[in-house]
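Enquirer: Got a sequence here, can you build the structure:
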Amino acid sequence: MPELTGLLETALYVEDVARARPFYRDVLGLESLSESDDGTVFAVAGQQVLLVLGEAKARIPSVLPDGQTVPVVLDRSGPARGAGHVAFAITAAELDGWRRRLAEHGVAIEGQISWDRGGHSLYFRDPDGHLLELATPGVWEVY
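Expert: Here you go, the predicted model:
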């Protein structure tokens with residue numbers, strides 16, 4: 001069987017791109033790779049991509065300059081299924097720093113878990129209600 005080499009990109013759909021963009025840039029410190037009225041592409045740890053898109057953009061195909069078309073992400077049969085979840089990997093040494101950073105930006109921590117394998121997770125929400133997680137090694141067997 002062919003192997004996967006990683007998770008390259010994840011997409012979250014937001015109600016207001018202009019409101020979401022500063023949260024991911026200023027609170028989480030993600031670097032913007034490209035921005036438009038339709039969404040923002042952020043680099044995560046120089047290895048992955050987070051797409052923060054308006055729902056309308058997710059319902060129309062993207063046409064590239066050479067004419068190739070990327071299929072729609074959400075089909076036209078109904079609404080998006082609600083808020084999503086993304087976990088960002090952090091080191092254990094930075095856990096307290098993230099607690100302080102979230103507090104400085106007025107972001108409430110909704111949950112804190114100490115996992116059996118020794119990892120720790122902080123849970124909080126972005127302005128659109130997506131559940132975000134900061135996770136240290138030891139949360140999963142693979143991390």
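Enquirer: Counting by contacts, list what the helix or strand of the chain with the lowest mean pLDDT packs against.
Expert: In the chain, the helix or strand scored least confidently by mean pLDDT, DSSP states H and E is helix 55-58, which has a mean of 79. Under the contact criterion of 3 or more CB pairs under 8 Å, 6 or more residues apart in numbering; DSSP states H and E, helix 55-58 touches strand 9-14. In this view, the C-beta of every residue, glycine as well, is placed from N, C-alpha and C.
Enquirer: about what we covered before: distance from the chain centre to the least confident helix or strand of the chain, please.
Expert: 16 Å (CA atoms, centre = their mean, to the nearest Å).
Enquirer: Quick check: phi and psi on the nearest residue to Glu15 once chain neighbours are set aside?
Expert: Nearest residue to Glu15 in three dimensions, chain neighbours excluded: Asp128, at 5.5 Å (CB to CB, 6 or more residues apart in numbering). Backbone torsions of Asp128, given as degrees, to the nearest 10, read phi -100, psi 0.
Enquirer: how about the helices of this protein, start to end?
Expert: Remark: helices of the chain, listed N- to C-terminal, are 17-22, 55-58, 95-104; assignment by DSSP state H.
Enquirer: Lowest average pLDDT across those?
Expert: Mean pLDDT values for the helices of the chain show the minimum at helix 55-58, a mean of 79.
Enquirer: buried stuff in it?
Expert: Glu55, Lys57, Ala58 (16 or more other CB atoms under 10 Å).
Enquirer: So which of those is the closest to Glu9?
Expert: Ala58 (13.2 Å; CB to CB).
Enquirer: I figured that closest one hits Leu12, correct?
Expert: No: Ala58 lies out of contact with Leu12 (CB atoms under 8 Å); the separation is 9.8 Å.
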